[in-house]
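# model the structure of this input:
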Amino acid sequence: MKLKLQPNNTALIIIDMQVDFCSPDGIAGKNGRGIEPIQAMLPKLQSFYMEMKRLNVLTIFTKYVASKTQIPKSLRTLYDEEKLTPICVEGTTGADIFHLKPQKEDIVLTKLSFDAFAGTQLNQILKEKAIVNLLITGTRSDICIDVTAKRGFAEEFNVIVVKDLIATYKEKVQLETDFLQVFDKYYGFVMTSNEVLMRLSK
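Numbers count the residues shown, from 1 in each chain. Have a look, this model is predicted:
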């Protein structure tokens, strides 16, 4: 079966565009992470989002939240071993969506892990709305984009990673390149936002 993008069978997933990842005032920016690629991508993502609204494409925002009470056991171990430190902590402005403003018809899902399907209603929502194609955008491409896109493939969706609408820290760009190369060969599709719009407009 050929890939057929239509507004009524496609969903835009905007992953973790949050203050702590994207803003100079967030944890990553204050800690000296190279957030420039994320900031550079933001205006283009904003324009694409508004075009998806015009086409009436379902839009789902995800927010990663480091919960103070509901921490997945696997993640707690990483915190306890000091391999990771919490970011986008529950109840802080760092967890808020940055720059983009979800509209009332959009869905905003809070997730406690990197995978947007894990512990959320994402799969159920997509199936109920007869979605077959996922447009993956947002940050970080080397972690949450990677794991969510591959999980989408495992859940039998056609997954399109929109390569000019994903980003990670400047020092992690090679990891993004590696992810895109592997994903495009084995898991789904890597397209530019213009290529996606051309297919949706046919």
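
# residues touching the longest helix seen in the chain, excluding its own?
Counting residues, the longest helix found in the chain (DSSP state H) is helix 36-54. If you take C-beta atoms under 8 Å, 6 or more residues apart in numbering as the criterion, helix 36-54 is touched by 12, 14, 17, 21-22, 59, 98-100, 103, 135, 137-139, 162, 164-170, 173, 193, 197. In short, each C-beta sits where N, CA and C put it, glycine included.

# can you list which of the residues you listed are found in helices?
21-22, 173, 193, 197.

# re the thing from before, next step: the contacts of helix 36-54 restricted to strands.
Secondary structure from DSSP state E places 12, 14, 59, 135, 137-139, 162, 164-167 of the contacts of helix 36-54 in strands.

# now those residues in JSON lines, with pLDDT?
Below are the ones in strands among the contacts of helix 36-54 laid out as JSON lines (pLDDT from 0 to 100):
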{"residue": "Leu12", "pLDDT": "98"}
{"residue": "Ile14", "pLDDT": "98"}
{"residue": "Thr59", "pLDDT": "98"}
{"residue": "Leu135", "pLDDT": "98"}
{"residue": "Thr137", "pLDDT": "98"}
{"residue": "Gly138", "pLDDT": "98"}
{"residue": "Thr139", "pLDDT": "97"}
{"residue": "Val162", "pLDDT": "98"}
{"residue": "Asp164", "pLDDT": "98"}
{"residue": "Leu165", "pLDDT": "98"}
{"residue": "Ile166", "pLDDT": "98"}
{"residue": "Ala167", "pLDDT": "98"}
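
# adding neighbour count and distance to Pro86, write those out as a markdown table.
Converted to a markdown table, these look like this (neighbours: other C-beta atoms under 10 Å; distance: C-beta to C-beta, whole Å):
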| residue | neighbour count | distance to Pro86 |
| --- | --- | --- |
| Leu12 | 26 | 28 |
| Ile14 | 25 | 22 |
| Thr59 | 21 | 27 |
| Leu135 | 26 | 29 |
| Thr137 | 29 | 24 |
| Gly138 | 28 | 20 |
| Thr139 | 30 | 17 |
| Val162 | 25 | 29 |
| Asp164 | 16 | 30 |
| Leu165 | 27 | 27 |
| Ile166 | 27 | 23 |
| Ala167 | 29 | 21 |
